[in-house]
Each structure stands twice: as structure tokens, then as C-alpha cells.
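can you look at this prediction? I've put the sequence above it.
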Amino acid sequence: MIPQQFNQQQLLAMLAWQVEMGADEAVLDTPADEPAGSSPADVISGARPQAKTATTMADGLPATASDHPPSQKTLDHLTSLADLAAALEQLEACPLKHTASAMCFADGNAGARLMIIGEVPGRDEDRLGVPFVGAAGQFLDRMMASIGLDRSGVYLTNFLPWRPPGNRTPTAEETDMLLPFLFRHVQLANPELVLVLGGAPAKVILNKGDNILKLRGRWHDIDYGDGIMRPTMASLHPSYLTRSPAQKRLAFDDWLGLYRRLATPAPTTLA
């Protein structure tokens, strides 16, 4: 039975997204019980339990971040998202700051259970200073609507806050300079779950050299520098899906997994 918390508009959005993803049967790949309790839209905005602090493994994968974890001590004085945004605005040493039109810091609800990290800003993001706008943003909105979410129930940011000139790949030096700010961003937003969209951020955050098609769809417990293990999953970026529509079924599977994770509240105590 479909959760009663979804309204007609949300149900239509779910159906449209499933059709777009290539779903042609009203069954899952494997039998699964419907998640009990509230829908993700309700659960995601509720009080969050304390996250795990022990080093664990998810899906058989080691809980690890980068081989060169960011120096968090230098950013510990940034105790709010406003402090973090102000520090980035003053980061004159980063060449990307001087070539971009605007900084893309965040959008959505900073208190949400789910944080979504995308690729570097594109042309529309650079112009407006908001993550996930334009065609890719509209696609993401449909993906979120398919599981009963919208921007008021998630927190969105980019892998790096500025668009590289000519949409080139960021250099290793640029990534190393800005990665501590991203990790501090996750710490301050303090989500329960993190969804990483795109190959570039997935490789760095998951510390894996595989391409996104191999990285996607599995949960990893990641320490973003504060000792808290946050379940993190990589998936396909909306802009990639517009270029490679044959991969939409894979994204649909990932979002079903995210739905199940969000629909089941985390335990309030650790075993």
C-alpha cells in the first residue's frame, strides 16, 4: 500500500519518474516489504539520532575517506555555516574564486537528514550562485519528487564552491585547497545521510579510483573529519543522465535504495 502521506501531485511525480527511468512493471527486482512508519518526506525533517562514532564497514567496504584527510584543526574556529561561507568568500588564495561569477554555497534545509553533494558548479550555477539549477536542477527536482522529497527537505551543495574557467577539470591543488571546506561543511550541516552525485566527488569522498558506474549504489560509512561515521552513497549526476539516458535505470535503483534508507528511522541507541 502506498503511504497515505503522499499527495496526488507527489504520486504523479513518482509515476512519471519511474516511467522515465524505464520501469515497466509494478514490482521491484527483489521482494521487499513496504517501509513502516512515516514517508521519507516526514521522517527526514524529524529529530535525528546521534550518528555512529565507531569505525565500521558498510557493504563489505572499509570506512575510510581520503589518504590525505583535510586539516580540520585549521577550520575548527568556523562554528557555523555562516562562518564557513564567510571564510570561503575571503579565500583569496584560491584562483577559482577570481574567475567564477558567483560562489555556490548551498541550497535547501541545513537541518535535513539528507545532504546531497554534486559536481562542481555548471554555467547556470555560476550565474545564479545556487547549486543544482538549470536543466540538471530540474532533473534532480523530479528525482527527489519520485521519493516524496523537495528542496525544503534536503540540503544541497557542490563538490567545490566555484566553477572552473571553461568548465575544465579542477586541478589537484584546487581540490586539495577546498576539500577541507567541504568536509567542514558536512560537519556543520551534520546530516545523517550523504548522497554524492557524480564521479569526481565520489572518487575523492569515497577514496576509490573506480568510475561512477562501479561506485554507485552502495553505502559506505565515511568519516568527514570529526570522528562520526556518516552513511554515504554515490549515484549518477542528473547532467550525466541527460547525456546517457540508458543509465537512468541504475539511478532509479539507487533512489529506491535511498527511499528505503530514509523511510526507516535510524535507531536512537547503538547496539
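Okay, I see it.

do a quick rundown of the strands in the chain.
Secondary structure of the chain (DSSP state E): strands at 57-58, 61-62, 107-108, 114-118, 155-158, 193-197, 219-223, 229-235.

looking at those strands, which is closest to Ala100?
The closest of the strands of the chain to Ala100 is strand 155-158. By C-beta to C-beta, the value is 11.1 Å. Where you see a C-beta, it was placed from the backbone N, CA and C, and this is true even at glycine.

report all helices and strands that that closest one contacts.
Judged by 3 or more C-beta pairs under 8 Å, 6 or more residues apart in numbering; DSSP states H and E, strand 155-158 is in contact with strand 107-108, strand 114-118, helix 172-189.

which of these is buried the deepest?
strand 114-118 (a mean of 25; mean count of other C-beta atoms under 10 Å).

confidence-wise, which helix or strand of the protein is lowest on average?
strand 57-58 (a mean of 34; mean pLDDT, DSSP states H and E).

contacting residues around the residue sitting nearest the centre point of the chain?
Nearest to the geometric centre of the chain sits Ile116, at 2.0 Å (C-alpha atoms, centre = their mean). Ile116 makes contact with Phe132, Leu140, Val154, Tyr155, Leu156, Thr157, Val194, Leu195, Val196, Leu197, according to C-beta atoms under 8 Å, 6 or more residues apart in numbering.

I'd say the fifth one and Ala106 touch.
Yes - judged on C-beta atoms under 8 Å, Leu156 makes contact with Ala106 at a distance of 6.3 Å.

who's more crowded, these two?
More crowded of Leu156 and Ala106, by other C-beta atoms under 10 Å: Leu156, with 25 against 19.

in the sheet, who's paired with that one?
Under DSSP bridges, the beta-bridge partners of Leu156 are Asp107, Ile116.

how much space separates it from Ala112?
Counting by C-beta to C-beta, to the nearest Å, the gap from Leu156 to Ala112 is 9 Å.

same thing with Trp255?
Separation of Trp255 from Ala112 (C-beta to C-beta) stands at 16 Å.

and the residue nearest to Asp210 when sequence neighbours are not counted, what pLDDT?
The shortest distance from Asp210 to any non-neighbouring residue, by C-beta to C-beta, 6 or more residues apart in numbering, is to Lys203 (7.6 Å). In this model, Lys203 is scored at 96, pLDDT.

residues in contact with Lys203?
Going by C-beta under 8 Å, 6+ apart, Lys203 touches Gly209, Asp210, Leu215.

from those residues, which is closest to Phe183?
Of the contacts of Lys203, the one sitting nearest to Phe183 (C-beta to C-beta) turns out to be Leu215, at 18.5 Å.

the closest one against Ala234, yeah?
Yes - taking contacts as C-beta under 8 Å, Leu215 lies within contact range of Ala234: 4.5 Å.

looking at those two, which one has more neighbours?
Per other C-beta under 10 Å, whichever of Leu215 and Ala234 has more neighbours is Ala234, with 28 against 22.

I'd say the more buried one and Ala200 touch.
No - with contacts counted by C-beta under 8 Å, Ala234 stays clear of Ala200, the gap being 10.6 Å.

how many neighbouring residues does Arg243 have?
Neighbours of Arg243 under the rule other C-beta under 10 Å: 8.
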